[in-house]
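# Predicted model and sequence follow; I will ask about them next.
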Amino acid sequence: MKNLVLSIALLSSCLLFSNCEKKNETLAVNSQPQTTVVATADTKIQVALLLDTSSSMNGLIEQAKSRLWNIVNTLTTLKYEGKSPEIQISLYEYGNSGLSLESNFIRQITPLTTDLDLISEQLFALRTNGGSEYCGAVIKEASDKLTWDDHQKSMKLVYIAGNEPFDQGNINYKEAIADALKKDIFINTIFCGDAAEGISTFWKDGADVGKGKYFNIDYNAKVRYIVTPYDDQISQCNVRLNTTYIGYGAKGVEKKRSQEVQDANAQSISGANYAERSVSKSKEVYKNDSWDLVDKAKKDDKAIEKLKPEELPAELKNKSKEEIKTIVAQKAKERETIQKEMAELAKKRQVFIDNESKNTALQDDLGNAMVTSIHSYAKAKGYVVVN
């Protein structure tokens, strides 16, 4: 018995020592900004936005531009089992006579992607032009061609917006939607016009068949923003945030420039929209490891060692690997500090908006329609909202 007690005591000491070792290793890893890995769930939130770009749809495109960052920020509040799902967005246009009849007047603008600046860039490049709108065809195209996740708890949502009868074209919308449902993709329809007309032209039926939501919106209405006392401070933080990005590789210079252009695009709509984009940039969802060395090093702690001399930006030419590591770590620390400051301001901003919204009627625009349904799906899937 004495030997047994001694053995148990020795085993307990070994386990305690092992746990301390592991704790120290964890602390050592967490003390290095460039090796921090963001904890994300295996789940994804995938949203395909199918926009009618026929000649009458300028107002719809303006609403999409105006609401992009609000939609993104809504998605970032969703957590599954305490973790942030990966957010991917895809853009399609349909009904544009500048596209070919062979394609059913459909174009995939972007695949499902985490590159939010690309989504913004392509939205601002959209132009309307005549055309025939084939809803069944574009739903089938998005369902078949996009890379949809098969995780049981991933959210897979299609939003199709337009104003012509839903049953046009040679592809039956009910059959296209049935195929999408086999992949657990839910179809939401947004009719640009009177609610009764949307019902009579099968837009509501499309949502009913697709287990989605039906909305109608005033697509020519200018988006209303609630201006807050925190918008300017958040925007000033964003200017500082941009200085922490270090472009590398073939995309570095171009993508860093695009980042600034998308800031300007957001600001061209309103100061409040610019603040909304800035809030998005302070969150986990805004990641640019394909061109930013700070994000790349965060994802891969060997990234700097792997860099080829020709991939280095001008400011890092002729610097040693150790010097580069020091610079990247410093930028990572600066970014983290700025993002924390922005996060606090964003919370105060949202409280202000929520309070003001109590006295304001909800606007029937593209963004509000999407936000309403996203929250509904999230609750059904077991996601929680964490502001």
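Cool, got the structure.

# Could you list the residues in contact with stretch 376-385?
Residues outside stretch 376-385 that contact it (CB atoms under 8 Å, 6 or more residues apart in numbering): 77, 78, 79, 80, 85, 153, 155, 157, 186, 213, 375. For the C-beta atoms, the positions are set from N, CA and C on the backbone; glycine is no exception.

# quick one: buried residues of it?
By neighbour count with 16 or more other CB atoms under 10 Å, stretch 376-385 contains the buried residues 377, 378, 381, 383.

# ditto for stretch 179-193
Neighbour count says stretch 179-193 has 180, 181, 185, 186, 187, 188, 189, 190, 191, 192, 193 buried, by 16+ other CB under 10 Å.

# again with stretch 348-359
Going by 16+ other CB under 10 Å, stretch 348-359 has these buried residues: 349, 350, 352, 353.

# follow-up on the earlier one: the contacts of stretch 376-385 in helices, which ones?
Among those, the subset assigned to helices under DSSP state H consists of residue 375.

# coming back round to it: would you list the buried residues of stretch 376-385 in JSON lines and tack on distance to residue 304?
Compiled in JSON lines, the buried residues of stretch 376-385 are given as follows (distance: CB to CB, whole Å):
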{"residue": "377", "distance to residue 304": "40"}
{"residue": "378", "distance to residue 304": "38"}
{"residue": "381", "distance to residue 304": "39"}
{"residue": "383", "distance to residue 304": "36"}
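
# Just the pLDDT for residue 176.
Listed pLDDT for residue 176 reads 98.

# From the contacts of stretch 376-385, pick the one nearest residue 283.
Distance to residue 283 across those (CB to CB) is lowest for residue 77, with 9.4 Å.

# Tell me the spacing between the closest one and residue 280.
To residue 280, residue 77 is 12 Å away according to CB to CB, to the nearest Å.

# Counting neighbours, go ahead and name the busier of those two.
residue 280 (23 against 17; other CB atoms under 10 Å).

# The more buried one and residue 172: what is the separation?
For residue 280, the distance to residue 172 - CB to CB - is 38 Å.

# go on, residue 215?
Distance from residue 215 to residue 172, by CB to CB: 23 Å.

# neighbour count winner among those two?
Here residue 215 and residue 172 are compared on neighbour count by other CB under 10 Å; more neighbours surround residue 215, at 25 against 13.

# which residues in the stretch 201-350 of the chain form helices?
203-209, 231-242, 252-269, 271-281, 293-299, 303-306, 321-357 (DSSP state H, counting those that start in this stretch).

# Could you do the stretch 1-150 of the chain as well?
Using DSSP H, counting those that start in this stretch, helices in the stretch 1-150 of the chain cover 2-30, 58-76, 116-125, 135-145.

# Pick out the shakiest of those, pLDDT-wise.
helix 2-30 (a mean of 40).

# what sits against residue 335?
241, 244, 294.

# what's the pLDDT at the closest residue to the first one other than its chain neighbours?
Sequence neighbours aside, residue 338 is the residue nearest to residue 241 in space, at 5.0 Å (criterion: CB to CB, 6 or more residues apart in numbering). Looking at residue 338, its pLDDT reads 98.

# going forward, begin numbering at 15 instead of 1
All set: I'll call the first residue 15, so the last point we hit is now residue 352.

# give me the number of residues near the residue nearest to residue 366 when sequence neighbours are not counted?
Sequence neighbours aside, residue 242 is the residue nearest to residue 366 in space, at 4.5 Å (criterion: CB to CB, 6+ apart). Residue neighbour count, defined by other CB under 10 Å, stands at 19 for residue 242.

# Check the offset of the longest strand anywhere in the chain from the chain's centre.
In the chain, with assignment by DSSP state E, the single longest strand is strand 54-66. Distance of strand 54-66 from the chain centroid (CA atoms, centre = their mean, to the nearest Å) equals 8 Å.

# again, but for stretch 354-370
19 Å.

# about what we covered before: what's the closest of the helices of the stretch 215-364 of the chain to residue 113?
helix 217-223 (21.4 Å).

# Identify each of the strands in the stretch 65-214 of the chain and give its residue range.
Taking DSSP state E, counting those that start in this stretch, the strands of the stretch 65-214 of the chain run over residues 92-93, 98-108, 120-127, 169-176, 200-206.

# could I get the ones you listed as a markdown table with distance to residue 288 and mean pLDDT?
What follows is the strands of the stretch 65-214 of the chain, written out as a markdown table (distance: least, CB to CB, whole Å; pLDDT from 0 to 100):
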| stretch | distance to residue 288 | mean pLDDT |
| --- | --- | --- |
| strand 92-93 | 24 | 94 |
| strand 98-108 | 20 | 96 |
| strand 120-127 | 22 | 98 |
| strand 169-176 | 24 | 97 |
| strand 200-206 | 25 | 97 |
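
# In TSV: these, plus distance to residue 114.
Formatted as TSV, these follow (distance: least, CB to CB, whole Å):
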stretch	distance to residue 114
strand 92-93	38
strand 98-108	12
strand 120-127	9
strand 169-176	19
strand 200-206	24
